[in-house]
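Generate a structure from the sequence data that follows.
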Amino acid sequence: MTKTPNDVKFPKKIRTEVRAFRPEEVYALLGCDAPQWVKDAIVIAFRTGMRPGEIFALKWGDINLDAGYISVQRAISRASSKAKETKTPSGTRRIDIDSKLTAYLMGMELRGLSEYVFPGTPQGKYKYRIPWNIAQIIKGMCREVGIPERNFYSLRHTHATVLMELGIHPKIVQERLGHSSIRITMDTYSHVSPTLQREAVNRFEEI
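Numbering: from 1, shown residues only. You can find the predicted model right below:
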């Protein structure tokens, strides 16, 4: 039997250095001629820091647009492509969302006809989309706007980096990302430390 795109498993994630986008680069990507589902995923990843598997397993019932938050309940397994409950208590979490993302999601909901935020393709095996080709699409978008190639996961890094540069407490960043400990957050985003150190000194001088 020939495999359809939705039967293709997530590629195994290899831990590499953190390569975040700058916010203006994200906005440039959204101006590209690209599939709408890719742009929708970019917006959600940039504004929440959710993992790719969590984003594509989202149901509309997980999103409270009135109260302004997303409840992360499940993620798509890289091994089987099945949507399963999150592996750890820290993975199951509430992520508050801003008014711009709330409005964007309202527009998406009007376009949607499925219980899933990212419904599967007609020829696919699952009711939700398996973004098997998103890495190639994102890299192509980067080339189109003339910025260094990065992958979809870089949007999660972007969210965390922006928050920490804005002075948001690392504990809050940890909770939003679903890290099991704050040490993971600090180790992953240690490249932001020099900026935080300088900001701390500048604030102290103002006292």
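
Next, name the residue at the spatial heart of the chain.
Note on the chain: the residue nearest the mean C-alpha position is Ala45, at 2.5 Å, using CA atoms, centre = their mean.

Return the distance of that one relative to Thr161.
In this view, Ala45 and Thr161 are 13 Å apart by CB to CB, to the nearest Å. Bear in mind the C-beta positions are built from the backbone N, C-alpha and C, glycine included.

Over to Ser77?
In terms of CB to CB, Ser77 sits 27 Å off from Thr161.

more neighbours, those two?
Set Ser77 next to Thr161 and count neighbours by other CB atoms under 10 Å: Thr161 wins out with 23 against 15.

The more buried one and Ser190 touch, don't they?
No: using CB atoms under 8 Å, Thr161 makes no contact with Ser190, being 11.2 Å away.

Can you pull out the low-pLDDT segments for this structure?
Counting by pLDDT under 70, the chain has low-confidence residues at 1-16, 193-197.

just the strands in it please.
According to DSSP state E, the chain carries its strands in the segments 63-64, 69-72, 74-76, 83-85, 93-96.

any idea which of those strands is most buried?
strand 74-76 (a mean of 22; mean count of other CB atoms under 10 Å).

Pull the number of nearby residues for the residue lying closest to Leu29 once chain neighbours are set aside.
Distances taken as CB to CB, 6 or more residues apart in numbering place Met141 nearest to Leu29, at 5.0 Å, with adjacent residues excluded. Counted with other CB under 10 Å, residues neighbouring Met141 total 22.

Verify the contact between Met141 and Leu30 for me.
No: assessed by CB under 8 Å, Met141 is found out of contact with Leu30, at 9.0 Å.

Please enumerate the shared neighbours of those two.
Listed contacts common to Met141 and Leu30 are nil; contacts here mean CB atoms under 8 Å, 6 or more residues apart in numbering.
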